[in-house]
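Q: Sequence and predicted structure, then a few things I'm wondering about:
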Amino acid sequence: MEGFEKVTSRQNQNLAYVRRVRDGKEPGLLFIEGSRLAAEAFRSGIVIKMCVAGEKFAGSAAADEVLTKLQGLDIPRFAVSDQILASLADTKNPQGIILVAERPTGGLDAIAEACSREPTPLFVFLDRVNDPSNLGAVMRTAEAAGAAGLIVSDGSADAFSPKAVRASMGSAFRLKTWEKARLVDAVEWAKGNGMLVLAADAGGDTAYTEIDLTRPAMLIFGSEAHGLGPETRDLADIVLRIPLMNGVESLNLAVSAGIVLFEAARQRG
């Protein structure tokens, strides 16, 4: 491929760098795998730092789009065999290309800025969610439903790990995210900005359809493994429930978040 330096050694220092990014050992960087996610990264405007592609990566419309975008960037580009690419990938069946990029700007400042742009902001708080695929799926759902941002508690999975990024299908590149937040700090910030604090729990007092979701709000969801702790229930203004039938005890986290978020979207028109 034109403009790509061929690398034949697995021990190459640039490939070792890519592995460190994949394993979360290079703070501030993202590991992006596959042509679809690469295309989403370009569309989202995040800063690309490096590219590694399999020697046969070309031919499909998605691949051609990514390669065209890469031509306009002055970054290191490496071509490797499919075997070496497999040693770098986070998936069992790599899709031919890996990008290293800067993580989007996050933290409380990013969340606050997103809040200031919305007349009736809606945020999601994830409490001790340690499954990165679930976390990424909630990111995708939150963006699709029009949420202004995501707050992730201390003790949760990395919202920008390769698995979470894949599950987000590109939403991780765009949705403002505050990681490692303490619940009490997030609740204080939300209430200080006039938000209703809602917590979802199977034992909640109020059905989600009975709540006015047109006002500014922060929705708290716990992990499937731990649910909500007593502190969370105490801090929330309302503990809501999703009524379930036929003895079903609970729903998948992303499904629960989707139900409530899209009810909010429906109410908001």
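A: Yep, that arrived.

Q: Surely residue 25 forms part of a strand?
A: No: counting by DSSP: H, G, I helix; E, B strand; the rest coil, residue 25 is located in no strand; its state is coil.

Q: Let me see the contact set for residue 218.
A: 122-125, 151, 186-187, 190, 195-198 (Cβ atoms under 8 Å, 6 or more residues apart in numbering). Yep, even glycine has a C-beta here, placed from its N, CA and C like the rest.

Q: Residue 108 versus the closest residue to residue 3 other than its chain neighbours, what's the distance?
A: Nearest residue to residue 3, sequence neighbours excluded (Cβ to Cβ, 6 or more residues apart in numbering): residue 77, at 5.8 Å. For residue 77, the distance to residue 108 equals 36 Å [Cβ to Cβ, to the nearest Å].

Q: higher neighbour count, the two?
A: In terms of neighbours (other Cβ atoms under 10 Å), residue 77 is the more surrounded of residue 77 and residue 108; the figures are 18 against 13.

Q: Which residues are in contact with the more buried one?
A: Contacts of residue 77 (Cβ under 8 Å, 6+ apart): 3-5, 50-53, 70.

Q: same thing but 10 Å
A: Taking Cβ atoms under 10 Å, 6 or more residues apart in numbering, we find residue 77 in contact with 1-5, 50-53, 67, 70-71.

Q: for those residues, which one is nearest residue 224?
A: residue 52 (34.8 Å; Cβ to Cβ).

Q: In this structure the closest one contacts residue 86, no?
A: No: between residue 52 and residue 86 there is no contact under Cβ atoms under 10 Å: 11.7 Å.

Q: Name the residues contacting each of the two.
A: Common neighbours of residue 52 and residue 86 (Cβ under 10 Å, 6+ apart) are residue 80.

Q: ok, the two, which is more surrounded?
A: residue 52 (27 against 14).

Q: give me the beta-bridge partners of the more buried one?
A: Residue 52 has these beta-bridge partners by DSSP bridges: residue 78, residue 98.

Q: From residue 75, how far out is it?
A: 11 Å.

Q: Residue 81 too?
A: From residue 81 over to residue 75 (counting by Cβ to Cβ), the distance is 21 Å.

Q: One more: residue 210?
A: For residue 210, the distance to residue 75 - Cβ to Cβ - is 52 Å.

Q: between those two, who's got more neighbours?
A: residue 75 (13 against 10).

Q: The more buried one in helix, strand or coil?
A: Secondary structure of residue 75, per three-state DSSP, is coil.

Q: for it, what are its contacts?
A: Taking Cβ under 10 Å, 6+ apart as the test, what residue 75 contacts is 47-51, 99-101.

Q: Look up phi and psi at it.
A: phi -130, psi 160 (degrees, to the nearest 10).

Q: begin at 579 from here
A: Right, with 579 as the first residue, what we last looked at is residue 653.
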